[in-house]
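S.K.: Based on what follows, work out the 3D shape:
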Amino acid sequence: MPVAHPARAVDETAADVGTLTQDAADRLYPAKRAYSPYADRTFPSRPFFGDTHLHTSFSFDAGAFGARLGPREAYRFAKGEQVTASSGQPAKLSRPLDFLVVADHSDNLGFFPDLLAGKPNILADPIGRTWHDMIVNGQGAAAAIQIISAFSQGTFPTALVYRPDGGAYRSAWGEIVKAADEANDPGRFTALIGYEWTSNTGGNNLHRNVIFRDGGETAGRAAPYTTMAPFGSDNPRDLWAWMAAYEDRTGGRLLAIAHNGNLSNGRMFPIIEPGTDRRIDRAYAEIRAKWERLYEATQIKGDGETHPYLSPNDEFANFERWDKGNLDLSVAKTPPMLQHEYARSGLKLGLKLEAETGINPYKFGLIGSTDAHTGLSAVEEDNYFGKTSAMEPNAERSSRIFVKGAAGTLYEWETSASGYAAVWATENTRAALFDAMERRETYATTGSRMLVRFFGGYAFEQADARSRSPARAGYAKGVPMGGDLGPAPAGKAPTFLVAALKDPIGANLDRYQIVKGWLDERGEMQEKVHDVAWSGARKPTEDGKLPPVGNTVDLASATWSNTIGSPELIAVWEDPDFDPRQRAFYYGRVLEIPTPRWTAYDAKYYGLKLAPDVPKSIQERAYTSPIWYSPAE
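M.R.: Numbers count the residues shown, from 1 in each chain. Now for the predicted structure:
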């Protein structure tokens, strides 16, 4: 028997595949990336713009206010089709949206169509008959206010409550789910299924929009959670428990998006849990952080980024404010409430609670949406169709009262044409959009469709800001908006790569700012706004303030000129005050140059002379989700 020689055995094995030379290995494993910079790109390459908060005639309050467009019409409009608004006017977007959530109120789904039709069960109740008669006799707005007030104050007639186990309720939910599935067109347009849970006890806004990752086959297996017992609760803890039960039972996925903390009268971002005398504990922090990954920071009912009382050194804090009281103006606002209502202060409170409990309950990303009750996601300043169908374009809406209560009066001109959600997803599908929302790779806009990037890390350098594809360095060297920075390497401070491009049919950009919030060595909450990139040759003054960009708005003609500002901004910025021992967050804020507000367009179109206190111009803006820094334990 021949004897096998080890050396020969190795040679034979090598011969089976040929001889691997250094030259061949270099060709197989090239040191350079592919010639095409777009080959094998796995990170999101564009933001998708949409609305996660639109009401149709299926919402009992929207219907009472005159909305006659249902979910199907809402999706058609969002896709770019022209529709006839409830007021009889033609309506169309300048450009289609990429996605939409019809988020009708979960309470009393199916109630309004029966109220309008005068169903026997409605007319059998004296209050139901009164509301019906008011609507058919042209007093729908007054009826709507009564309906909302009754719901807010817990006086809604028991006999008129539409419960999730009822046939009319389930039929309405089935129609909402079916409309979303029919409108969903993966890769082109996404119709996410959702609803609004409208906790409003005492008129204090604790609303959440609940968004499904799932299609109708899964989402339709559960009726929405309401706020009224025995099928619901006004306590957010109970909503989160319902969400957990849905996921366990169906294998589906959910997230909740809170909004309008500015109308919560100090309850949206609490230190003491509402309804108790207990300070927020670890259990509350964990469950809220799990389910509420996003916050709606701007919409029609006022901007929610910050407030001049909270940010007195921020020259742009006084923006589209609603701060007179709670949702129905039944209770006046007091200054101590404010820190528990706005996104920036909520983020700071999250750092404080994380230091105490080990978990940050307010670690949320930012989006905008409309909260329109018209079925129309139309919030461009020159195409604003209002909060309700009674507020659709007309010559009186810049002077009429919208809400009046013990806390004061809000006028229709105080509503803000805002906003949209921008989502950095890998593709336009339910799964990809939901996953991007869950990882907080999102930003809010007040209606503009500017493109905004925000990356944080420890290795960005000025050369990265000279790239036409800053995202390549952004993802390679750091984390995107919504991410976490690990503990700082010795001697290193966080660096941020920022970039913004103007809306293609919108205004030039004024500046890109980074807002920092942190806990100082005494455990006190601090904040500072840094100008990091701006247009023109302006230089900060001695007090560190950047001079205004200027103003080209012609109010008489409701026009402006892009002769000031810049079409794009890009920079690398290093935190000059970084202390590695201090918890911190950073987010981007991008401002456009001044442009006409919707009130100016109304004045031009209808030939109006606006009252002096009515704002006539605006600086549209975007807010990115934060990037958080936590020190080493």
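
S.K.: How about residues contacting the helix ranked longest in the chain?
M.R.: What stands out as the longest helix in the chain, according to DSSP state H, is helix 167-183. Contacts of helix 167-183 from elsewhere in the structure, counted by Cβ atoms under 8 Å, 6 or more residues apart in numbering, are 58, 70-72, 75-76, 79, 100, 102, 104, 108-111, 113-114, 162-164, 189, 191-193, 195, 215-216, 219-220, 223-224. Placement of C-beta: from N, CA and C, glycine included.

S.K.: repeat that with 7 Å
M.R.: 58, 71-72, 75, 102, 104, 109-110, 114, 162-163, 189, 191, 193, 215-216, 219-220, 223-224 (Cβ atoms under 7 Å, 6 or more residues apart in numbering).

S.K.: count of residues packed around K492?
M.R.: Around K492 there are 14 other residues, counting by other Cβ atoms under 10 Å.

S.K.: To clarify, my last question referred to K352.
M.R.: 18.

S.K.: Which pLDDT value belongs to the closest residue to K324 other than its chain neighbours?
M.R.: Leaving aside its sequence neighbours, K324 sits nearest to G408 (Cβ to Cβ, 6 or more residues apart in numbering; 4.2 Å). pLDDT, G408: 96.

S.K.: Next, the buried residues of the longest helix of the chain.
M.R.: 168-170, 172-173, 175-177, 179-180, 183 (16 or more other Cβ atoms under 10 Å).

S.K.: and the helix or strand that comes right after it with helix 167-183, angle?
M.R.: Where DSSP states H and E defines the elements, the next helix or strand beyond helix 167-183 is strand 190-197. Interaxial angle of strand 190-197 relative to helix 167-183 (axes from the mean of the first three to the mean of the last three Cα atoms, to 10 degrees): 150 degrees.

S.K.: For the next helix or strand after strand 190-197, enumerate the helices and strands it packs against.
M.R.: Once the chain leaves strand 190-197, the next helix or strand it forms, by DSSP H and E, is strand 208-212. When contacts are defined as 3 or more Cβ pairs under 7 Å, 6 or more residues apart in numbering; DSSP states H and E, strand 208-212 sits against strand 47-54, strand 190-197, strand 254-259.

S.K.: tell me how far the helix or strand containing E73 is from the chain's mean position?
M.R.: Per DSSP H and E, E73 falls inside helix 71-78. Its chain's C-alpha centre and that of helix 71-78 lie 20 Å apart, by Cα atoms, centre = their mean, to the nearest Å.

S.K.: And the contacts of it?
M.R.: So helix 71-78 is contacted by 54, 56, 58, 83, 91, 93, 96-97, 100, 102, 175-176, 179, 183, 191, 375-377 (Cβ under 7 Å, 6+ apart).

S.K.: Tell me which residue is most central in this structure.
M.R.: By Cα atoms, centre = their mean, the chain has its centre lying nearest to I367, at 2.1 Å.

S.K.: Who are the packing partners of the host helix or strand of that residue?
M.R.: Element membership for I367, per DSSP H and E: strand 365-368. Contact here means 3+ Cβ pairs under 7 Å, 6+ apart; on that basis strand 365-368 packs against strand 294-299, strand 420-424, strand 442-445.

S.K.: quick one on the thing from earlier: where's the residue nearest to K324 relative to T429, distance?
M.R.: From G408 across to T429, the span is 45 Å (Cβ to Cβ, to the nearest Å).

S.K.: What is the neighbour count of A241?
M.R.: Using other Cβ under 10 Å: A241 sits among 15 other residues.

S.K.: Quick check: it vs S199, distance?
M.R.: Separation of A241 from S199 (Cβ to Cβ): 14 Å.

S.K.: how far away is the residue nearest to P96 when sequence neighbours are not counted from I401?
M.R.: Excluding its sequence neighbours, the residue lying closest to P96 (Cβ to Cβ, 6+ apart) is G80, at 3.3 Å. Plainly put, G80 is 34 Å away from I401 if you go by Cβ to Cβ.

S.K.: quick one: which of these two has more around it?
M.R.: The residue with more neighbours, out of G80 and I401, is G80; 13 against 9, by other Cβ under 10 Å.

S.K.: Return the residues in contact with the more buried one.
M.R.: Neighbour list for G80: 93, 95-96 [criterion: Cβ under 7 Å, 6+ apart].

S.K.: Could you report the pLDDT at it?
M.R.: As predicted, G80 sits at a pLDDT of 98.
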